[in-house]
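>>> from the sequence below, what's the structure:
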Amino acid sequence: MQTVKMVVTGPFSSGKTEFIQTVSEIDVVATERKITSEAERIKETTTVAMDFGRITVDDNLVLYLFGTPGQKRFDFMWEILSEGMLGFIVMVDSTRPETFREARSILETFRAYAPTPYVVAANKQDLADAWSVDDMRIALRLDPKIKFLPCVALKKESVKSVLLELLYSILAEMEAGEL
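Got it, this is the predicted structure:
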């Protein structure tokens with residue numbers, strides 16, 4: 001049995017927890033806490049350590065999904081969660097351009113932890129005020145070779161397509177002997 005550890009990261013409220021909950025075959029282990037600061041009152045809770053989910057792809061392959069906290073004050077968990085990862089996903093909220101710079105910084109941080117394959121997911125693409133993937137690519141200064149995928153974290157097929165793109169990249173590097 002092959003297991004693949006993937007990390008789902010991104011800024012606060014970008015959709016990491018929903019992404020994992022949408023596809024996990026087990027109840028997601030979540031470390032959610034109630035938000036007390038009015039400044040962060042975009043949602044009611046926030047991840048303080050990690051989220052954990054699991055997906056069995058087939059008899060030979062299981063994906064372990066680890067979601068990171070998005071708030072800077074919990075970023076000490078990022079390096080811990082990145083240990084042993086074979087790839088990562090950076091979630092970006094397509095409706096909140098004020099978080100794009102932070103998303104870029106998180107991407108660079110995780111690239112420094114491990115030179116593993118990664119994809120960037122433009123979440124909330126179903127909303128009217130979502131930026132287009134092309135405009136977001138420019139704002140995030142992403143190289144055209146980086147897989148930048150539209151996503152709706154609450155839709156299983158959308159989440160599966162993002163996970164498959166990352167999995168294909170991981171398997172290609174494994175076959176090439178790079179992982």
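>>> which stretches of the protein form strands?
Secondary structure of the chain by DSSP state E: the strands cover 2-9, 29-34, 45-58, 61-67, 87-93, 118-123, 148-150.
>>> now the fourth one: mean pLDDT?
Mean pLDDT, strand 61-67: 94.
>>> point out where the protein drops to low pLDDT.
Screening the chain residue by residue with the criterion pLDDT under 70, one finds the ranges 31-49, 179.
>>> now do the helices in it.
Here the chain has its helices, by DSSP state H, at 16-23, 76-82, 100-113, 133-140, 156-175.
>>> those helices: which one's closest to residue 2?
Among the helices of the chain, helix 156-175 comes nearest to residue 2, with 9.0 Å by C-beta to C-beta. Heads up, the C-betas are built off the backbone N, CA and C, glycines and all.
>>> put the alpha carbons of the closest one into CSV.
Included here for helix 156-175 are C-alpha records, laid out as CSV according to Å, rounded to 0.1, in the frame of the first residue of the first chain:
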residue,chain,number,x,y,z
LYS,A,156,-16.5,17.1,-4.6
GLU,A,157,-15.7,16.9,-8.3
SER,A,158,-13.8,20.2,-8.2
VAL,A,159,-11.7,19.1,-5.2
LYS,A,160,-11.0,15.7,-6.8
SER,A,161,-9.8,17.4,-10.0
VAL,A,162,-7.3,19.6,-8.0
LEU,A,163,-6.1,16.5,-6.0
LEU,A,164,-5.7,14.5,-9.2
GLU,A,165,-3.6,17.2,-10.8
LEU,A,166,-1.2,17.2,-7.8
LEU,A,167,-1.2,13.4,-7.7
TYR,A,168,-0.2,13.2,-11.4
SER,A,169,2.7,15.6,-10.7
ILE,A,170,3.8,13.6,-7.7
LEU,A,171,3.7,10.3,-9.6
ALA,A,172,5.6,11.8,-12.5
GLU,A,173,8.4,12.9,-10.1
MET,A,174,8.4,9.5,-8.4
GLU,A,175,8.7,7.7,-11.8
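>>> run the angle between that helix and strand 61-67 for me.
With axes from the mean of the first three to the mean of the last three C-alpha atoms, to 10 degrees as the basis, helix 156-175 and strand 61-67 are set at 110 degrees to each other.
>>> and helix 156-175, which residues are buried?
Residues of helix 156-175 classed as buried under the neighbour-count rule (16 or more other C-beta atoms under 10 Å) are 158, 159, 162, 163, 165, 166, 167, 169, 170, 171, 173.
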